[in-house]
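Chemist: Next come a sequence and a model predicted from it.
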Amino acid sequence: MEPRPFRLKTLLAHKKRLENLAQARLAEAKNIRDDVRTKLEDAKQQFSYAVETNEQEKAEGVAIGRLILNEQKLASLASNIKGIEKNLTEKERCVAQEQKNLLKCSQEHQILERLKEEQNKSYQNYLNKKEAAMLDEIAIIKHAAETDDV
């Protein structure tokens, strides 16, 4: 049994679904990236607040144990910021990849749409030529019938 050939309509519908899926994946990637950006901004605010607090405590004079604790907290916050920045870079790479994927899917869909339009035009031209040939044949038959009657 021979495999059924793909129909253009089915292929177009499939490519449209892939394009819609790529759009959804891009939107999701952008949302995740934006969430990570928000986390980064929050972490930077926490870090600057901790630096200000540390400077105030140094100016007021505080126990050495407290200063060590503050320095450890600052180091931890700085490490957290670096991790979030790394995560943000990865998420931005994911967004770029999803944009490329969407562009590819969109282009494939547009190519198939153009092919469909060309096929429709070609088929319409074929039908027009066939109709013209039939009208010519009818005219010839009618003319032949009229000349036979005379």
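Modeler: All right, it came through fine.
Chemist: wait, what's in contact with the most centrally placed residue in the chain?
Modeler: Centroid-nearest residue in the chain: residue 102, 3.3 Å away (criterion: CA atoms, centre = their mean). Residues in contact with residue 102, defined by CB atoms under 8 Å, 6 or more residues apart in numbering, are 19, 22-23, 25-26. (Glycine included, C-beta is placed from N, CA and C.)
Chemist: go again using 7 Å as the cut-off
Modeler: Applying CB atoms under 7 Å, 6 or more residues apart in numbering, one finds that residue 102 lies in contact with 22-23, 26.
Chemist: if you skip the residues just before and after it, what's nearest to residue 109?
Modeler: residue 15 (4.3 Å; CB to CB, 6 or more residues apart in numbering).
Chemist: Work out for me the element the residue nearest to the centre of the chain sits within.
Modeler: helix 64-149 (DSSP states H and E).
Chemist: next one: that helix to chain centre, how far?
Modeler: 9 Å (CA atoms, centre = their mean, to the nearest Å).
Chemist: re the thing from before, how close does the residue nearest to the centre of the chain sit to residue 121?
Modeler: 29 Å (CB to CB, to the nearest Å).
Chemist: And for residue 21?
Modeler: Applying CB to CB to residue 21 and residue 121 gives a distance of 30 Å.
Chemist: Dump stretch 15-24 to PDB, restricted to CA.
Modeler: C-alpha atoms of stretch 15-24 as PDB (Å, rounded to 0.1, in the frame of the first residue of the first chain):
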ATOM      1  CA  LYS A  15       3.000  24.700   9.800                       C
ATOM      2  CA  LYS A  16       0.500  27.200  11.300                       C
ATOM      3  CA  ARG A  17       0.300  25.100  14.500                       C
ATOM      4  CA  LEU A  18       4.100  25.000  14.700                       C
ATOM      5  CA  GLU A  19       4.200  28.800  14.200                       C
ATOM      6  CA  ASN A  20       1.600  29.300  17.000                       C
ATOM      7  CA  LEU A  21       3.500  27.000  19.200                       C
ATOM      8  CA  ALA A  22       6.700  28.900  18.500                       C
ATOM      9  CA  GLN A  23       4.900  32.200  19.400                       C
ATOM     10  CA  ALA A  24       3.700  30.700  22.700                       C
END
